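Engineer: Next one to model:
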Amino acid sequence: MPEILATVAGRRVTAVATGGLSALAITEDAVLLGAGAEVASMVAVAEGRRVRSVTAGGSASAAVTEDGELLMVGVGAYEMMQAAAGKRVAAVAIGGRFNLAVTEDGELLGAGNDGMGQVSGLLAAARGKKVVYVCAGINESLAVTEDSALLISNPSQRYLVDLVEATAGRRVMAACTGGFFALALTDDGALTHTGEHSDQVRGIVEAAAGRKLATLSGAGSVTTAITEGGALLAAGADGQRQTSGLLAATAGRTVTAASVGSYAGLAVVADADQDCGPLQPRQICGRFVTTGDPQDAHALSFKVGADHQELVSGTPCAALDTHDTEATHLIVRRVSTSQDLATGSAYFTFDPATGAVGIDPDKSQLPRGLTHRRADGNRFTFTWTG
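Structural biologist: Numbering: from 1, shown residues only. So this is what the prediction gives:
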């Protein structure tokens, strides 16, 4: 850990990944850095390339460049890169000696150990469907489709079937599994679990009780989540204090990304709260956060006529002018591709007696997956669940 902290010293970090004996980080200028016994080849492969996401597991490491090329080293790397050749990759998941990936157009790819159908079973379940999220476990795997339906690799694994049944009729945003248990995050920020009730499962469920989650991820031995307000939750293996130590280090701070593995834990915290300064009447102090892959920056645009303002995920809050006489057009887009992902509108309100700015829920039609939370002083957090 001292080595990776020294490596990134003085640079702003947007994403981290830990796995096996490796620690990897992406800087805001899209450079991949690393430390540990198993990272030299991964960093070498990515040298000179602009990287937008990084994933690490016990047997492999992977990165995705800004143009969607998959870079990978470790167990199954050649087979996975062959499967992804010529395709633009959006996300990667590394499991127990098998690997999965999703392309930007929603195709699911996989290679490696398939003894329990963790590759072929999920590929069959996803046939004809557009996948937006994937999770690789130990001997099982999960995926989420564009219409927020949960897919499982093996219907003979009862805890996976139970999770599908428990989330039926609900919109699933993310899911993870670590062997004999499974967890799902739905669009209301709630956590659902099935299977064994181990300390790992019990810990994350208890920590999440009564809180709205923005992200969920699992690395087999540790499960992590980040609340809508940026608090880190984690439970599982703690032999090196990778879980309890990271929770202590991030207590009271706003976490934007985290990764905890079998030996190490890393988190990215936002700069100490930077207020937007004195706000003018009808102004708000806005912050934009997204779920899913924290390395993939998104922007939320506010348009009224010729006026255009925007918030970018992973950046400090900003003061925005609001209009209470006409609709504000809202657009969520992916920064790396300038692709519009969701559109809608908001009708802001203004109370001259109190100075409070609000959003009229009856008139507004927010982009699909976008929610907002207002705090004192006209501070707004906009969260997009994809």
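Engineer: show me the contacts for residue 109.
Structural biologist: 80, 83-84, 87, 89, 100-103 (C-beta atoms under 8 Å, 6 or more residues apart in numbering). Backbone N, C-alpha and C define where each C-beta goes, glycine included.
Engineer: the strands in the stretch 1-150 of the chain, which residues?
Structural biologist: For the stretch 1-150 of the chain, applying DSSP state E, counting those that start in this stretch gives strands covering 13-19, 22-27, 32-36, 51-56, 60-65, 70-74, 89-94, 98-103, 108-112, 131-136, 141-145, 150-152.
Engineer: Take the ones you listed and lay them out in CSV including distance to residue 258 and mean pLDDT.
Structural biologist: Output for the strands of the stretch 1-150 of the chain, formatted as CSV (distance: least, C-beta to C-beta, whole Å; pLDDT from 0 to 100):
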stretch, distance to residue 258, mean pLDDT
strand 13-19, 7, 91
strand 22-27, 12, 92
strand 32-36, 17, 92
strand 51-56, 13, 93
strand 60-65, 17, 95
strand 70-74, 22, 96
strand 89-94, 16, 95
strand 98-103, 21, 97
strand 108-112, 25, 97
strand 131-136, 16, 96
strand 141-145, 20, 97
strand 150-152, 23, 98
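Engineer: Output these as JSON lines; include the columns distance to residue 304.
Structural biologist: What follows is the strands of the stretch 1-150 of the chain, written out as JSON lines (distance: least, C-beta to C-beta, whole Å):
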{"stretch": "strand 13-19", "distance to residue 304": "30"}
{"stretch": "strand 22-27", "distance to residue 304": "34"}
{"stretch": "strand 32-36", "distance to residue 304": "39"}
{"stretch": "strand 51-56", "distance to residue 304": "31"}
{"stretch": "strand 60-65", "distance to residue 304": "35"}
{"stretch": "strand 70-74", "distance to residue 304": "40"}
{"stretch": "strand 89-94", "distance to residue 304": "32"}
{"stretch": "strand 98-103", "distance to residue 304": "35"}
{"stretch": "strand 108-112", "distance to residue 304": "40"}
{"stretch": "strand 131-136", "distance to residue 304": "30"}
{"stretch": "strand 141-145", "distance to residue 304": "34"}
{"stretch": "strand 150-152", "distance to residue 304": "38"}
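Engineer: who wins for proximity to residue 251 among those?
Structural biologist: When those are compared for distance to residue 251 using C-beta to C-beta, the nearest one is strand 13-19, at 18.0 Å.
Engineer: With just CA atoms, put that closest one into PDB.
Structural biologist: Extracted in PDB, the C-alpha atoms of strand 13-19 (Å, rounded to 0.1, in the frame of the first residue of the first chain):
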ATOM      1  CA  VAL A  13      -7.100   9.500  -9.100                       C
ATOM      2  CA  THR A  14     -10.400   8.500 -10.600                       C
ATOM      3  CA  ALA A  15     -10.500   4.700 -10.200                       C
ATOM      4  CA  VAL A  16      -8.700   1.900  -8.300                       C
ATOM      5  CA  ALA A  17      -8.600  -1.900  -8.400                       C
ATOM      6  CA  THR A  18      -7.000  -4.500  -6.100                       C
ATOM      7  CA  GLY A  19      -6.600  -8.200  -6.700                       C
END
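Engineer: Partner strands of that strand and their direction?
Structural biologist: Sheet neighbours of strand 13-19, with direction, are listed as strand 22-27 (antiparallel) (DSSP bridges).
Engineer: where does the partner strand sit relative to the chain's centre, distance-wise?
Structural biologist: When distances are taken as C-alpha atoms, centre = their mean, to the nearest Å, strand 22-27 is centred 16 Å away from the chain's centroid.
Engineer: buried set for the helix or strand bottoming out on mean pLDDT in the chain?
Structural biologist: Every helix and strand of the chain was ranked by mean pLDDT, DSSP states H and E. The lowest is strand 370-375, at a mean of 83. Neighbour counts over strand 370-375 (16 or more other C-beta atoms under 10 Å) mark 370-372 as buried.
Engineer: That strand packs against which elements?
Structural biologist: strand 356-359, strand 379-384 (3 or more C-beta pairs under 8 Å, 6 or more residues apart in numbering; DSSP states H and E).
Engineer: Out of those strands, which gets nearest to residue 193?
Structural biologist: Of all the helices and strands packed on strand 370-375, strand 379-384 comes closest under C-beta to C-beta, at 22.1 Å.
Engineer: tell me what the closest one is packed against?
Structural biologist: Looks like strand 379-384 contacts strand 283-290, strand 298-304, strand 370-375 (3+ C-beta pairs under 8 Å, 6+ apart).
Engineer: quick check: angle from the longest one to strand 370-375?
Structural biologist: The one in question is strand 283-290. In terms of direction (axes from the mean of the first three to the mean of the last three C-alpha atoms, to 10 degrees), strand 283-290 departs from strand 370-375 by 130 degrees.
Engineer: Endpoints of stretch 48-57, how far apart?
Structural biologist: Stretch 48-57 has an end-to-end distance of 23 Å (C-alpha to C-alpha, to the nearest Å).
Engineer: Stretch 174-182 now?
Structural biologist: One end of stretch 174-182 to the other measures 11 Å (C-alpha to C-alpha).
Engineer: do stretch 314-324 as well
Structural biologist: Length of stretch 314-324, first residue to last, C-alpha to C-alpha: 28 Å.
Engineer: go on, stretch 240-247?
Structural biologist: Using C-alpha to C-alpha, the two ends of stretch 240-247 sit 13 Å apart.
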